[in-house]
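Asks: pasting the structure only:
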């Protein structure tokens, strides 16, 4: 399975038609590059088309955060760019995971989402960010309710978004769902810290993690893919350029093989109660203040 992870500039004003269209063009250019490099799936950061800024959207703005006015968003342009991305995915036979705002029926706020587009050019599922920041849930978005997995050529992927890097239980949940790789998209929650946490989640759960962030953060935390042992396999350039890093998930490394073949099965076995048959009743065990 060849995976491409992207970094793109994130624009923050959904009223700016030219910016939305330029984001769409940039995404499609990177899709073509990923396809030319043999990728089967390409993964983009949160806000790849637009990440509406809280002050741009605020009815109390531009100097104070307040409820978002989603009528300010150029929905027809956003839909047109996503439609063009979906069509290109089918032309390239390239699975594409792209973040966007997902509009709901008024007066409900939209979801902050990841669309999963198949190599047939069809949206097959969507992940909605569940554990939102205080600002997002108070003023901007409706939270999602469930994990999402999808399979490509026998490899199972899970999706996470935004600030969910801070919640190890979400990564553990995907391990229990037999995921081989988690696709995590963010605009950058302390990017360097988030990258370190992503490595920890990969190592703790013995699966790959694709870490996709805006190119603005590349100097401290470029996009990249982490192996099940917790090491970076490949990263995008740290020069702020829109780019993709391409890796084979079955990289053949000894560390990855051991993590998948031994560490992950043993953790499952230990959590299932393997220790119960080895526990003993002993006075020196029960007395916590016993001498050495």
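Replies: All right, it came through fine. All values reported here derive from a predicted model rather than from experimental measurement.
Asks: which residues does stretch 50-68 contact?
Replies: 10-15, 19-20, 23, 69-70, 72-73, 78, 100-101, 109, 135, 139-140, 187, 214 (C-beta atoms under 8 Å, 6 or more residues apart in numbering). Just so you know, the C-beta spots here come from the backbone N, C-alpha and C atoms, and that holds for glycine as well.
Asks: how about 7 Å then?
Replies: 10-14, 20, 23, 69, 72-73, 101, 135, 139-140, 187 (C-beta atoms under 7 Å, 6 or more residues apart in numbering).
Asks: okay, now the unreliable bits of this protein?
Replies: Where the chain drops to pLDDT under 70, the residues are 189, 191-192, 251-257, 291-292.
Asks: tell me where it has helices.
Replies: 17-36, 54-57, 75-92, 134-135, 168-176, 191-205, 254-258, 264-271, 283-286 (DSSP state H).
Asks: what packs against the longest one?
Replies: Think helix 17-36. helix 75-92, strand 243-248 (3 or more C-beta pairs under 7 Å, 6 or more residues apart in numbering; DSSP states H and E).
Asks: buried stuff in that helix?
Replies: Neighbour counts over helix 17-36 (16 or more other C-beta atoms under 10 Å) mark 19-21, 23-24, 26-28, 30-31, 33-35 as buried.
Asks: what angle sits between it and helix 75-92?
Replies: 10 degrees (axes from the mean of the first three to the mean of the last three C-alpha atoms, to 10 degrees).
Asks: with the fifth one instead?
Replies: Between the axes of helix 168-176 and helix 75-92, defined by the same axes, to 10 degrees, the angle is 30 degrees.
Asks: report the angle between helix 168-176 and helix 191-205.
Replies: Going by the same axes, to 10 degrees, helix 168-176 makes 40 degrees with helix 191-205.
Asks: run through who's touching helix 168-176.
Replies: Looking at what lies outside helix 168-176 - C-beta under 7 Å, 6+ apart - the contacts are 147, 158, 160, 164, 182, 201, 205, 207.
Asks: and for the last one?
Replies: The list of residues contacting helix 283-286 from outside it, by C-beta under 7 Å, 6+ apart, reads residue 290.
Asks: chain center to that helix, what's the gap?
Replies: In terms of C-alpha atoms, centre = their mean, to the nearest Å, the centre of helix 283-286 is found 47 Å from the chain centre.
Asks: not counting sequence-adjacent ones, nearest residue to residue 47?
Replies: residue 10 (4.0 Å; C-beta to C-beta, 6 or more residues apart in numbering).
Asks: from the contacts of stretch 50-68, which is closest to residue 89?
Replies: Closest approach between the contacts of stretch 50-68 and residue 89, by C-beta to C-beta: residue 23, at 16.1 Å.
Asks: so for that closest one, what's the nearest residue that isn't a sequence neighbour?
Replies: Sequence neighbours aside, residue 49 is the residue nearest to residue 23 in space, at 4.7 Å (criterion: C-beta to C-beta, 6+ apart).
Asks: what's the burial count for that neighbour?
Replies: By other C-beta atoms under 10 Å, the residues close to residue 49 number 26.
Asks: and what of residue 156?
Replies: 15.
Asks: who is it paired with across the strands?
Replies: Under DSSP bridges, the beta-bridge partners of residue 156 are residue 151.
Asks: do I have it right that it meets residue 149?
Replies: Yes. Judged on C-beta atoms under 7 Å, residue 156 makes contact with residue 149 at a distance of 5.6 Å.
Asks: overlap in contacts of these two?
Replies: Contacts common to residue 156 and residue 149, judged by C-beta under 7 Å, 6+ apart, are residue 179.
Asks: related to what we said a few turns ago, check the gap between the residue nearest to residue 23 and residue 96 for me.
Replies: 12 Å (C-beta to C-beta, to the nearest Å).
Asks: cool, and residue 259?
Replies: Distance from residue 259 to residue 96, by C-beta to C-beta: 28 Å.
Asks: which one of those two has more residues nearby?
Replies: residue 96 (30 against 22).
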